[in-house]
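Novice: Take this sequence and fold it.
(2 chains)
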Amino acid sequence: MSDQESSAAQWRRLARHVSTKINMAWWLDKLALPLVVSSLIGSCLILMARRELVQFPWAKTIIIGLVLLLGMGLMAWWLARSHFESPDRALVRIEASMRMRNTLSAAKQGVTPWPNLPETIDDGTHWRWSRLLAPLLASVLFLGTSLFLPVSARADPNEGPLDEPQPWKDLQADIETLGEDSTVQEEYLKELEDRLDQLRRQNEQEWYSHSSVEATDALRKMHGSELERMERNLRKAERALNNLQKADGKMSEAGKQHMLNEFEEALQGLNQGKMKPNQGLLDQLKELDPENLEQLSEEQLDQLRENMKQHAKNCQQCQGGGEPGAQGQGDGDDWLNDLLNEGPENGGPQEKQPEAFEKRNRGPGSAPGVLGQISPDVNSGDLEGLESTDLSKSLPGDLLELNTGKHEVDRSKVGPRAGGTVEGEAKGGARVWKDSLLPSEKSALKEFFK
Amino acid sequence: MEHASETEVTDAGKHVRSLANALHQVLFGQEELIQLVLTGILSRGHILLEGLPGLGKTELVKGLSRILHLDTKRIQFTPDLLPGDITGNPVLQEVDGQRQFIFQPGPLFTNIVLADEINRASPKTQSALLEAMQERRVTVLGQTHQLPSPFFVLATQNPIELEGTYPLPEAQLDRFLFKLEVTRNDVDTLERIVNDRELGTEPEVQAIMDETTLEEMLSLVRRIFLPEVVGNYIARLVDATHPGQSNAARNIKYGSSPRAALSLAASARAHALMNERTHASFEDVKFVAPSVLRHRVILEYNARVEGLTANEVIASLLEEIPFQAGATPRTLHQTSST
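Specialist: Predicted structure coming up:
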């Protein structure tokens, strides 16, 4: 190979290299925008998939991503194709940037010999890294964020039965407890269980809906109220019996009557409520004559009272009855408070709602400032009287002040006079306001006639 | 056509160098002007020299005619000059006993015409130059008379004292290959002029080239290779002078004609020959472009009001149009303005 051929080959190789660089730059230029846009869209899709799907399909995602990347690469190539430079044009770029006065173009045509390849070659271009890397980094950032941002997947509906609300469990526990001990009659428990089943039968997705929670809350309140009422009546009746038993005829007639009334009221309450003690206890209480307790032995009475206490305790221990121990404090001595407060109807310990129920409410409301900064209170809506002290704008007829002073009215009688004669000091015209009016009236008139 | 060889080009380059050296003895401190005048002559073009009085325009032309050993006539253009005064008139003469109109050639029938203060002649007389400049022939009373070859018109005009002048029409301006601006000399040059010259005497120069050698060089210029990419650059450059084709052209009302492109190609070839190259290049085009284009673009009114000149617009045009045809992608940074 001659020197000329060797030089020509070197220049052509260099031209191909530059051509490849230019074409690659065009391809990357056209790829940048689709890459950023598709990575942004892809990130959104990945986030949605991670949210919606229980198991994120990594393999599928990688395959789809690679296919998309390939597609975008082909599209960018298609768009950049019209800008691609041939090696011949790259040769022109080289000779232009190296100020070779078109020697290479002339040499290509055989007009001049090929020059020797210089040590340093400059094609007049270098990579603009900021422009090159920005789309790539943006894409990586988008995709990385979508892949590693902590997002919890939605619960799998096929995962298993939904855990039922805690109040239902509490009510069910109460039913079982009260049923095992035969504390209350079966009818009540059956009705309660029916209503609970009715709630359970609705769609599981609806268990925690607003209406379901409302219904549960109502059922729970009703049950709690019944428990409380029965417990209270049992304790009341037990206290009355206890007092009557202990008094042993020494009690005053009024006190005895009060205790009898107490017992009667408690028995009536037990009989009328939805929740009734078991039939055996209720029958015993009905058959008992409190005025004639001697018909029963002391052991029988103690047994009966103990039975009532146990029932009351059972009621207290139920979940629907509130926290254990919240009720029944001052056991045995509350009746004195009842007496002092003239009966339970006027409020007292019995009127207190169980603490567990008091907790059930609609929350404390929205947090302050959740919709923005709270504006200072400007007392809007309050009506405040305004008192104007600026008398310069007052008009005749406006109330300027209240004064105890009186106008000096000339009450002297004036008889008929001939025209043109003056018989005394003038009282009308300017005199009127200059001499007769109050200072504030004068200034008001002055302002008006200015 | 066979391309010029290295030997031919080298020989021609020596001749051109001796021509330039001789002209440097006539006109001091105007190297670029002399180079452009020689480029214009080698391109067979007509040249319009514009400059203030006393800068040596006429001396340059006279010196050129002596160096080239060509027949030269000077026409001082005045408002009362008639077309016949420059082309020639038929005169009634008796030949063989018969009276005939015999054409008496005017001053145009020469190799170099020095048209001094061309813008002072009436448009009618100026237009008489049109056919002579373009076709290199004159038609009088239906008879066409060929002008001698080579034929060059070197015109001068004064950019000031424009009262009573007739600005050259665009069509006639387009026929000038170059419009050269003769600028004032610096102090060193003035000092040299004062020391070497005397008022009223002309510098003595010897003829360096005869007509035959000049014709050979003129034909050699045509054999200088113009690469396709250079032709493409010329085409893009001329196209960019038209409004809407480039940013610089927003200040241009009318762009250049295809004749401008041909002039660029011819003068680029001539400049390449002067630099002893067998092929023209982008740099040659860039060198001659201002002289070729400055009188071939008409600026917008707004640009003129803003004080822009054709030179500035063409400079920005040359800056804007890259040598290579393809654009550069945004992912690459172009280090040179090429």
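Novice: Only C-alpha atoms from now on, for both contacts and neighbour counts.
Specialist: Noted.
Novice: tell me which parts of chain B are close to chain A?
Specialist: Contact residues, chain B versus chain A (Cα under 8 Å from any Cα of the partner chain): B:3, B:225, B:227, B:229, B:278-283, B:323-324, B:326-336, B:338.
Novice: one more time with 6 Å, if that's ok
Specialist: Neighbours of chain A within chain B, by Cα under 6 Å from any Cα of the partner chain: B:281, B:324, B:329, B:331-336, B:338.
Novice: And the furthest pair within those?
Specialist: Maximum pairwise distance in these, criterion Cα to Cα, is 28.4 Å, between B:281 and B:331.
Novice: So if I had to pick from those two, which one is more boxed in?
Specialist: Remark: of residue B:281 and residue B:331, residue B:281 carries more neighbours, 30 against 24, as counted by other Cα atoms under 10 Å in any protein chain shown.
Novice: can I assume that one is in contact with residue A:101?
Specialist: Yes - Residue B:281 is in contact with residue A:101 according to Cα atoms under 6 Å; the separation is 5.0 Å.
Novice: Please save the CA atoms from whatever helix or strand residue A:136 lives in in CSV.
Specialist: According to DSSP states H and E, residue A:136 maps onto helix A:129-148. This file holds the C-alpha atoms of helix A:129-148, laid out as CSV (Å, rounded to 0.1, in the frame of the first residue of the first chain):
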residue,chain,number,x,y,z
TRP,A,129,-22.3,16.1,29.1
SER,A,130,-24.9,18.2,30.9
ARG,A,131,-27.3,17.8,28.1
LEU,A,132,-26.4,14.2,27.6
LEU,A,133,-26.7,13.1,31.2
ALA,A,134,-29.7,15.2,32.3
PRO,A,135,-32.4,13.1,30.6
LEU,A,136,-30.7,9.9,31.7
LEU,A,137,-30.5,11.0,35.4
ALA,A,138,-34.0,12.3,35.3
SER,A,139,-35.3,9.0,34.0
VAL,A,140,-33.3,7.0,36.6
LEU,A,141,-34.6,9.4,39.3
PHE,A,142,-38.2,8.9,38.2
LEU,A,143,-38.0,5.2,38.0
GLY,A,144,-35.9,4.8,41.2
THR,A,145,-38.4,6.9,43.1
SER,A,146,-41.3,4.9,41.8
LEU,A,147,-39.6,1.6,42.6
PHE,A,148,-38.3,2.5,46.1
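Novice: what's the spacing between it and its chain's center?
Specialist: Centroid separation for helix A:129-148 versus its chain: 36 Å, with Cα atoms, centre = their mean, to the nearest Å.
Novice: So which bits of that helix are buried?
Specialist: Within helix A:129-148, the residues scored as buried using 16 or more other Cα atoms under 10 Å in any protein chain shown are A:131-132, A:135-136, A:138-140, A:142-143, A:146.
Novice: Which strands or helices does it pack on?
Specialist: Helices and strands touching helix A:129-148, by 3 or more Cα pairs under 6 Å, 6 or more residues apart in numbering or on different chains; DSSP states H and E, are helix A:3-52.
Novice: pLDDT on the helix it packs on, on average?
Specialist: When pLDDT is averaged over helix A:3-52, the result is 92.
Novice: Which parts of the stretch 201-338 of chain B are helices?
Specialist: Secondary structure of the stretch 201-338 of chain B (DSSP state H, counting those that start in this stretch): helices at B:211-222, B:228-239, B:258-274, B:282-293, B:301-305, B:310-320.
Novice: Kindly reformat those as CSV and extend each row with mean pLDDT and mean neighbour count.
Specialist: Output for the helices of the stretch 201-338 of chain B, formatted as CSV (pLDDT from 0 to 100; neighbours: other Cα atoms under 10 Å in any protein chain shown):
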stretch, mean pLDDT, mean neighbour count
helix B:211-222, 92, 18
helix B:228-239, 95, 20
helix B:258-274, 95, 25
helix B:282-293, 95, 23
helix B:301-305, 91, 13
helix B:310-320, 94, 18
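Novice: Any idea which of these gets closest to residue A:250?
Specialist: The nearest among the helices of the stretch 201-338 of chain B, by Cα to Cα, is helix B:310-320 at 125.3 Å.
Novice: Run the chain-centre distance for that closest one.
Specialist: 20 Å.
Novice: now that helix and helix B:228-239, what's the angle there?
Specialist: 130 degrees (axes from the mean of the first three to the mean of the last three Cα atoms, to 10 degrees).
Novice: Give me the angle between helix B:310-320 and helix B:282-293.
Specialist: 150 degrees.
Novice: tell me the average confidence for the helix holding residue A:136?
Specialist: So the average pLDDT for helix A:129-148 ends up being 92.
Novice: Contact residues of the stretch 51-200 of chain A facing chain B?
Specialist: Counting by Cα under 6 Å from any Cα, the residues of the stretch 51-200 of chain A that sit close to chain B are A:93, A:96-97, A:101-102, A:124-128, A:131-132.
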